[in-house]
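Engineer: just the structure for this:
(2 chains)
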Amino acid sequence: MAIQKPYIPKGTRDFSPAEMLKRNYIFDTIKKHFVRFGYQPIETPAMENLSTLIGKYGEEGDKLLFKILNSGDFLTKTSDELLAQRNSQKLTTKISEKGLRYDLTVPFARYVVQHQNEINFPFKRYQIQPVWRADRPQKGRYREFFQCDADVVGTNSMLNEVEIVQLIDGIFSDLKINVVIKLNNRKILSGIAEILGQADKIIDITVAMDKLDKIGLNNVNIELIDKGLPQTAVDQLQPIILLSGNNNEKLASLKSVLSNSEIGLKGVAEMQEIIDYLQMFDLQNEVELDLTLARGLNYYTGTIFEVKANDVQIGSICGGGRYDDLTGIFGLKDVSGVGISFGADRIFDVLNELDLYPKHQSENTKVFFVNFGKAEEIFCLPILAKLRKAGVNAEIYPEATKMKKQMKFANDKAIPFVVIIGEDEMQKGELVLKNMESGEQKFLSIEELLIFMTK
RNA sequence: GUGAUUGUAGCUCAGUAGGUUAGAGCGCUGGAUUGUGGUUCCAGAGGUCGCGGGUUCGAGCCCCGUCUUUCACCCCA
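Structural biologist: Model (predicted):
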């Protein structure tokens, strides 16, 4: 058989032990904060029924779903007529019934409906799992990536939004990434469209406004005209797009601009409540009310969150919002929820670019024993057992090879301490502990080693 | 999905106008140093030039296809 060069599918990646240490640091940090706010873990299958997924992410999203072929000889059950049509979309529904999940929110909605009688509402759940999108890969964009979601359903309180901002702030402070936390409210956007007399064009308006940073005001206006907005409405929109000042000033202006829009005022009131509450806390990162923030309008109905890293050019690393009726499509009405999703892979890229990882990863081996032979093994193994029992990650080289090779092994593995026990040490009842970073060595008794490694 | 772009040693990259035996740095292996890694010195190993086809006396280099990479748009974490 011909030898084939191994490779992995487009947009996917392998992660080495060193990379996994870094990734687990991210996951552990995020998880720690989720738990601290009372979120509980769930997991859902990698694949869902296509009927669960299709139509939830818009037309674009449907195209990006990975579909799984049915088992068995499905073509024999397909009519010649259908095959002759060569209509991929139509054929797909006959030969594929399952797909890989596209995000964690829709599977969560499905979960809530399916398990509604077991769930204790308000239900706070977190979920850290991979999702798949048949997108064309580019920077910060993969076909398989992890999302870390925290959502709470069954409560309308703005307290949830306040806590989510605290959660975001806590996580990125811990990861040492400087971010700006952007907030907006879909109701405010609706109000703006309403006072412009363009309620039906809300999506076009917000999508265009969202590009302000990227393409500039002129191009935004061109796009608005392009989408059929009258010049008068565009003119009326200008002061809103360019709204400046601090959050309270922005809210005050909005309040007067939106005075004739009930929904708009509701949005302003919600935002005001969140901003007021947040003033009680000493947040590490900037919180900014940004009217040009649009995001997934597919299901968001209230607050919208988005987080951007200040020091790295990459898409948003975290985003979410409130949805009033996510579970409605699965038959459970009036369950409001709000959630946030951390993009672990982009956070990984940001941390790599800024090299913000802690020096020593707690998952790594802390102390390494050089192996000199049988007698030394017998002497060392009980010490290793004691260390491990005390919670110290420890290992011994499995063979009595050249010391140089063993030292290099420990060095390559970034192990901070090496214990050397040969004939001399066994006789004297002491051991040599080498600090691999400073190169310094000292003699210790076994008891002293245990105390040193566990402190 | 649209338009570009990339691929040569484990990694980062040279490779002249198409010419005989494809190079460097880092890494790797061994030695200097049989109880000391990370620094230094010496030596060595390592290549279907992404894959398939074509043009040519001759292709890493030119042409076509394909896969992959990166980027913009769309959209998004």
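Engineer: which helices and strands does the helix or strand of chain A with the lowest mean pLDDT pack with?
Structural biologist: The weakest-scoring helix or strand in chain A, judged by mean pLDDT, DSSP states H and E, is helix A:80-85 (a mean of 76). Judged by 3 or more Cβ pairs under 8 Å, 6 or more residues apart in numbering; DSSP states H and E, helix A:80-85 is in contact with helix A:88-95. Just so you know, the C-beta spots here come from the backbone N, C-alpha and C atoms, and that holds for glycine as well.
Engineer: next, the angle from the next helix or strand along the chain from the helix it packs on to helix A:88-95.
Structural biologist: Next helix or strand after helix A:88-95 toward the C-terminus (DSSP states H and E): strand A:96-100. With axes from the mean of the first three to the mean of the last three Cα atoms, to 10 degrees applied, the angle from strand A:96-100 to helix A:88-95 works out at 100 degrees.
Engineer: for strand A:96-100, which strands pair with it and how are they oriented?
Structural biologist: strand A:47-49 (antiparallel), strand A:67-69 (antiparallel) (DSSP bridges).
Engineer: what does the least confident helix or strand of chain A contact?
Structural biologist: A:Leu75, A:Lys90, A:Leu91, A:Lys94 (Cβ atoms under 8 Å, 6 or more residues apart in numbering).
Engineer: hmm, back to that, could the strands paired with strand A:96-100 go into a markdown table alongside mean neighbour count and distance to RNA strand B?
Structural biologist: Shown next, in a markdown table, are these (neighbours: other Cβ atoms under 10 Å; distance: least, Cβ to the nearest atom of the strand, whole Å):
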| stretch | mean neighbour count | distance to RNA strand B |
| --- | --- | --- |
| strand A:47-49 | 17 | 17 |
| strand A:67-69 | 15 | 12 |
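Engineer: and the ones you listed as TSV, adding mean pLDDT?
Structural biologist: Below are those laid out as TSV (pLDDT from 0 to 100):
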stretch	mean pLDDT
strand A:47-49	95
strand A:67-69	90
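Engineer: can you put those in TSV and add distance to A:Thr12?
Structural biologist: TSV is the format used below for those (distance: least, Cβ to Cβ, whole Å):
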stretch	distance to A:Thr12
strand A:47-49	17
strand A:67-69	16
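Engineer: for the stretch 151-300 of chain A, just list every one of the helices.
Structural biologist: Taking DSSP state H, counting those that start in this stretch to define them, one finds helices in the stretch 151-300 of chain A at A:159-175, A:186-195, A:202-210, A:212-226, A:231-241, A:247-257, A:262-278.
Engineer: out of the ones you listed, which is the most enclosed?
Structural biologist: helix A:186-195 (a mean of 23; mean count of other Cβ atoms under 10 Å).
Engineer: show me the shaky parts of chain A.
Structural biologist: A:1-5, A:295-298, A:360 (pLDDT under 70).
Engineer: state which helix of it is the longest.
Structural biologist: Ranked by residue count, the top helix of chain A under DSSP state H comes out as helix A:17-36.
Engineer: and that helix, what other elements does it pack with?
Structural biologist: Short answer (3+ Cβ pairs under 8 Å, 6+ apart): helix A:17-36 packs on strand A:123-132, strand A:144-153, helix A:159-175, helix A:344-354.
Engineer: what is the burial count for A:Gln85?
Structural biologist: Neighbour count of A:Gln85, defined by other Cβ atoms under 10 Å: 11.
Engineer: how about A:Arg322?
Structural biologist: Counted with other Cβ under 10 Å, A:Arg322 comes out at 27.
Engineer: nearest residue to it in space, please, no chain neighbours.
Structural biologist: Of all residues not flanking A:Arg322 in the chain, A:Gly302 sits nearest, at 3.5 Å (Cβ to Cβ, 6 or more residues apart in numbering).
Engineer: how about the one you found, what does it touch?
Structural biologist: Counted by Cβ under 8 Å, 6+ apart, A:Gly302 has contacts A:Asn185, A:Arg186, A:Lys187, A:Gly267, A:Glu270, A:Gly321, A:Arg322, A:Tyr323, A:Asp324, A:Val338.
Engineer: go ahead and confirm the fourth one touches A:Ala193.
Structural biologist: No - in this structure, A:Gly267 sits apart from A:Ala193 without contact. The criterion is Cβ atoms under 8 Å, and the distance is 11.6 Å.
Engineer: in TSV: the helices of the stretch 151-300 of chain A, plus distance to A:Lys428.
Structural biologist: Putting those into TSV (distance: least, Cβ to Cβ, whole Å) gives the following:
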stretch	distance to A:Lys428
helix A:159-175	45
helix A:186-195	74
helix A:202-210	72
helix A:212-226	68
helix A:231-241	78
helix A:247-257	68
helix A:262-278	62
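Engineer: among the ones you listed, which is nearest A:Leu354?
Structural biologist: Closest of those to A:Leu354 is helix A:159-175, at 9.9 Å (criterion: Cβ to Cβ).
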